[in-house]
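# Please work out how this folds:
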Amino acid sequence: AKLYPYFKLQASVRFKTERPFMKGMGEYAYHNKVRMLAKRMSRIRERISKLRRRRVSEIERRRRLGYPIVCIAGYYNAGKTSLFNVLTGSDREVSDRPFTTISAKYQRRYLPMGGFMLFVDTIGFVIDLDPELIESFELNLADMKYADVVLFLVDVSDEPNLLSLKLNHGLKLLRRIGVEPSKTLVVFNKVDLVDERHIENVLEKVHATLMGYSWVFVSAKEGINIEGLLEAVWSKILGRSVSISSEQVLQEAP
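Residues are numbered from 1 along each chain as shown. All right, here's what the predicted structure looks like:
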């Protein structure tokens, strides 16, 4: 649909001497291209619809297994895949480029505190790009919507204003697709890269946005406070709200 004006302009330049009128050549040339594009879009939508039905069926099958489902969400380069690797013992590719993860990945882990959990690594959000505008993203949004807990990662080393923007936009999107604060856990990752003063500035900036949410500070790269994160996840599953202060976490930092 976004290519329609381009095709119209392209045809206008190429065939500017002709018009669809008496003794003319017929329809504008771009109409054929638009029809071809519409057919292609229809085929893509049909394929996405089939994939969406299959994904929902897979989610329902996993839920019947009885494992709590924990979905890792957030903006690209926040450390989602690094955290997924730490939580599951996996060795997936880690990159600071967007769309390194192009589809959701699943991994089961046994936790002594509560049995098996199923962790899901999803495609990263991109600032100024609403995932709901891209139909293929809906497959990942479904994972978030039906999870028992959603870990929303942010890079705590970001400049506070940028971090606040990402956090506010991301949590709004989660609420819009039906992910309530009660099952969302905000994870401030990369705590090893900042000092207490920076964390205080961040918390002051996002205080209003965090109202009603639980949060924890971790470093997936250094393994800081991973046990605290898992305890917070389990508390969410049991229906308790928990937040772990930055002071507790920084005490663990090397």
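# quick one, strands of the chain?
Per DSSP state E, the chain carries strands over the ranges 69-74, 105-111, 115-121, 149-155, 184-189, 214-217.
# The first one pairs with which strands?
Looking at strand 69-74 with DSSP bridges, its partner strands are strand 115-121 (parallel), strand 149-155 (parallel).
# so the closest residue to Val156 other than its chain neighbours bridges to which residues?
In this structure, Val156 finds its nearest non-sequential neighbour in Phe188, 4.0 Å apart by Cβ to Cβ, 6 or more residues apart in numbering. No exception for glycine: its C-beta is placed from N, CA and C like everyone else's. According to DSSP bridges, the partner residues bridging Phe188 are Val154, Phe217.
# So Phe188 is in contact with Ser214, correct?
No: under the contact definition of Cβ atoms under 8 Å, Phe188 does not touch Ser214, with a separation of 11.7 Å.
# got any ranges where this protein has weak pLDDT?
Within the chain, the stretches falling below the threshold (pLDDT under 70) are 1-31, 33-34, 92-104, 113-114, 127-140, 240-254.
# Break it down into its structural domains.
Taking automatic domain parsing as the domain assignment, the record places the domains of the chain at 1-64, 66-250.
# Let me know which of those domains is tucked in deepest.
A comparison of the domains of the chain by mean neighbour count, using mean count of other Cβ atoms under 10 Å, puts domain 66-250 on top with a mean of 18.
# circling back: generate a markdown table for the strands paired with strand 69-74, with distance to Ser182 as supplementary columns.
Compiled in a markdown table, these are given as follows (distance: least, Cβ to Cβ, whole Å):
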| stretch | distance to Ser182 |
| --- | --- |
| strand 115-121 | 18 |
| strand 149-155 | 10 |
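# of all those, which lies closest to Arg61?
strand 115-121 (11.3 Å; Cβ to Cβ).
# which outside residues touch the closest one?
62, 65, 67-72, 80-81, 84, 87-88, 92, 101, 104-111, 143, 147, 233 (Cβ atoms under 8 Å, 6 or more residues apart in numbering).
# now do 7 Å
Contact with strand 115-121 is made by 62, 67-72, 80-81, 84, 87-88, 101, 104-111, 143, 147, as judged by Cβ atoms under 7 Å, 6 or more residues apart in numbering.
# Which single helix of the chain contains the most residues?
Looking across the chain with DSSP state H, the single longest helix is helix 30-64.
# Just the angle for it relative to strand 115-121, thanks.
Here helix 30-64 points in a direction 170 degrees away from that of strand 115-121 (axes from the mean of the first three to the mean of the last three Cα atoms, to 10 degrees).
# so Gly223 makes contact with Val86?
Yes: with contacts defined as Cβ atoms under 7 Å, Gly223 counts as touching Val86 at a distance of 6.5 Å.
# Straight-line length of stretch 184-204, end to end?
Using Cα to Cα, to the nearest Å, the gap from the first to the last residue of stretch 184-204 comes to 20 Å.
# likewise stretch 145-158?
The separation between the terminal residues of stretch 145-158, taken as Cα to Cα, is 27 Å.
# now do stretch 142-155
24 Å.
# List the contacts of it.
52, 55-56, 59, 68-74, 77-80, 83, 104, 120, 122, 163, 166-167, 170-171, 174, 177-179, 183-190, 233, 236-237.
# The nearest residue to Gly89 once chain neighbours are set aside and Gly170: what is the separation?
Counting by Cβ to Cβ, 6+ apart, Gly89 lies nearest to Arg109, which is 7.1 Å off, once chain neighbours are set aside. Using Cβ to Cβ, to the nearest Å, one obtains 25 Å as the distance from Arg109 to Gly170.
# now Asp91
Distance of Asp91 to Gly170, computed by Cβ to Cβ: 27 Å.
# From what I see, Leu167 and His207 are in contact.
No: with the criterion set as Cβ under 7 Å, Leu167 and His207 do not qualify as a contacting pair; they are 11.0 Å apart.
# and stretch 141-159, how far apart are its ends?
When the termini of stretch 141-159 are compared using Cα to Cα, they are 27 Å apart.
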